[in-house]
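Participant: my questions are about this predicted structure, shown below with the sequence.
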Amino acid sequence: MNDATSPSGVLLVTGAAGGLGQAVVALTMREAPETRIAAVGRDADKLRAAFGDAHLQIVADVGEAEGAAHAVERCTAELGVPTQFAHCVGSIVLGPVARVNPAQYREAMRANLDSAFFMLSALSGAAKKHNTAMSMCFVSTIAAQVGIANHEVIAAAKGGLEAMVRSAAASHAAQGIRINAVAPGLMDTPAAARFLSSDALRDASAKQYPLGSIGTPDELAGLIVWLLSDAAKRVTGQIWTVDGGFTSIRPVVR
């Protein structure tokens, strides 16, 4: 089997043009510059703005089975079978469930759960076909682990993702495929910009976390890159929470 951190390693990143995707690519290039990278996104212009002429840039909507299959097939054809995979696709839908219309619900499931399932299916199939070891990391949210008001839709989608990760890790362990997920709290990314659009909102958000700060893409990317590496070769089927203590402890109120 291929070594997931060998010089010929291939990293496939979905949602690559987003804040977290770019951070994962940048950190990988610093720590393992020999890694060949496929950056996947729905918008060619955004991919080019993020990476210029670097990396293999694949335009695909992985919220559809055909898009996920295309991303894996093109990466395999041009770089080799992916040995590492970071799924940085997702969307944020907040509001009382009665105010979420069916189209918003379906889109949230497509972006957060369907995309993960279709990528898992395409990648595990490729790994089996080519007898290749692989490490995968998906992105969940703390809302899947603790009740937070008005997060019903995203909690349902990411809760399904977490259950999928555990089951898939069991299914594919004997094949040398490791599958984990990270569950961040609020992060300072473009996707969360509307929640951090003023100093007052930023301060109020930070106070919800015992460590008193908002997470950054670089912090989460560090964990993702570690989970994909051989340093974590004994880790699979785990959900790693990165939330400044939000889900496990309470801040001291001053």
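Facilitator: On my side now, so go ahead.

Participant: could you check the distance from Val165 over to Leu220?
Facilitator: 16 Å (CB to CB, to the nearest Å). Every residue, glycine included, has its C-beta placed from N, CA and C.

Participant: residues touching the top strand by length along the chain, excluding its own?
Facilitator: For the chain, the strand that runs over the most residues, judged by DSSP state E, is strand 177-184. Contacts with strand 177-184, where a contact means CB atoms under 8 Å, 6 or more residues apart in numbering, come from 120, 124, 127, 133-142, 144-145, 158, 161-162, 165, 168-169, 172, 215, 220, 223-224, 227, 232-233, 235-243.

Participant: now with 7 Å?
Facilitator: 124, 127, 133-142, 144-145, 161-162, 165, 168-169, 172, 215, 220, 223-224, 227, 235-243 (CB atoms under 7 Å, 6 or more residues apart in numbering).

Participant: now do the same for it: mean pLDDT, whole number.
Facilitator: On average, the pLDDT along strand 177-184 is 97.

Participant: poorly predicted segments of this protein, please.
Facilitator: 1-8, 188-198, 201-206, 210, 251-254 (pLDDT under 70).

Participant: now do the helices in it.
Facilitator: Here the chain has its helices, by DSSP state H, at 19-31, 44-51, 65-78, 102-109, 115-130, 152-172, 199-206, 217-228.

Participant: and the end-to-end length of stretch 53-67?
Facilitator: 22 Å (CA to CA, to the nearest Å).

Participant: so which bits of it are buried?
Facilitator: His55, Leu56, Gln57, Ile58, Val59, Ala60, Asp61, Val62, Gly63, Gly67 (16 or more other CB atoms under 10 Å).

Participant: check the offset of that stretch from the chain's centre.
Facilitator: 15 Å (CA atoms, centre = their mean, to the nearest Å).

Participant: can you list the neighbours in contact with it?
Facilitator: Residues from elsewhere that reach stretch 53-67 (CB under 7 Å, 6+ apart): 14, 37-42, 44, 47-48, 51, 68, 70-71, 74-75, 78-79, 89, 110-111, 114-115, 118-119.

Participant: now the two most distant members of the buried residues of stretch 53-67.
Facilitator: Largest separation among the buried residues of stretch 53-67 by CB to CB: His55 and Gly63, giving 21.5 Å.

Participant: tell me who's in contact with the closest residue to Glu31 other than its chain neighbours.
Facilitator: Using CB to CB, 6 or more residues apart in numbering and skipping residues adjacent in sequence, the residue nearest Glu31 is Val225, 6.5 Å away. Each residue near Val225 by CB under 7 Å, 6+ apart is listed here: Val24, Leu27, Thr28, Glu31.

Participant: closest to Val10 out of the residues you listed?
Facilitator: Closest to Val10, out of all of the contacts of Val225 and judged by CB to CB, is Thr28, at 11.0 Å.

Participant: now do the end-to-end distance for stretch 91-106.
Facilitator: Termini of stretch 91-106 sit 12 Å apart (CA to CA).

Participant: mind listing what's buried in that stretch?
Facilitator: Ser91, Ile92, Val93, Leu94, Val100, Tyr105.

Participant: still on that earlier bit, which of the contacts of strand 177-184 are buried?
Facilitator: By 16+ other CB under 10 Å, the contacts of strand 177-184 give 124, 127, 133-142, 144-145, 161-162, 165, 168-169, 172, 215, 220, 223-224, 227, 236-243 as buried.
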